[in-house]
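With the input below, show me the fold.
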Amino acid sequence: MDYEKLAKELVESIIIMNHPHKAPKDISKGEMGILVYLSFYKKEALSGEIADKTNLSTGRVAIALNSLEKKGFVIRNKNTEDARQVIVSATSKGKAFAVKNKEDFIKHMTKLLEYIGETDATEYVRIRKKINSFDYEERKNHENNKNISSKH
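So this is what the prediction gives:
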């Protein structure tokens, strides 16, 4: 059994659903979620998109981006097409931090999966993916209902 491969699959499933594991001490969970999104899924994004994708309020995203910018993990640039918008991207320092954190998480999850054994590890990943699918559908339904309500 390749536990590391299974751990990577599990980590991807957790990251995809925007549930990063416990963040390191010098960065909040919300900041880590933003950094992961910008490092692995979207090279650059508007703050509103970041709020949507990370399930954070726009106010929380603004606070997190200020902190991440002070740490040198993200940069903000004016949108050349619309000066009212700011495009956010991860710096090389921010990406390196996210990659290191993901590698550490994969090591941790590999140990966990080895500990619970082949059968339970395989079932855990299968169940986790199923939970993620449910959560995704619930969020999608919630957004659709919210959009319908706002039109009336």
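
same for the helix ranked longest in the chain, what does it pack against?
If you go by DSSP state H, the chain has its longest helix at helix 118-151. With contacts defined as 3 or more Cβ pairs under 8 Å, 6 or more residues apart in numbering; DSSP states H and E, helix 118-151 has these neighbours: helix 3-16, helix 92-116. To be clear about C-beta, it is placed using only N, CA and C from the backbone, and glycine gets the same treatment.

could you check the angle helix 3-16 makes with it?
10 degrees (axes from the mean of the first three to the mean of the last three Cα atoms, to 10 degrees).

Can you report how many residues neighbour residue 104?
Around residue 104 there are 12 other residues, counting by other Cβ atoms under 10 Å.

same deal with residue 126?
Residue 126, neighbours per other Cβ under 10 Å, totals 12.

The one 4 residues further on now?
Under the neighbour criterion other Cβ under 10 Å, residue 130 is assigned a count of 11.

Surely residue 10 is in contact with residue 116?
No. When contacts are counted by Cβ atoms under 8 Å, residue 10 is not listed as touching residue 116 (11.4 Å).

Between these two, which contacts overlap?
residue 124 (Cβ atoms under 8 Å, 6 or more residues apart in numbering).

Report the distance from the longest helix of the chain to the chain centre.
Centre-to-centre, helix 118-151 and its host chain are 15 Å apart (Cα atoms, centre = their mean, to the nearest Å).
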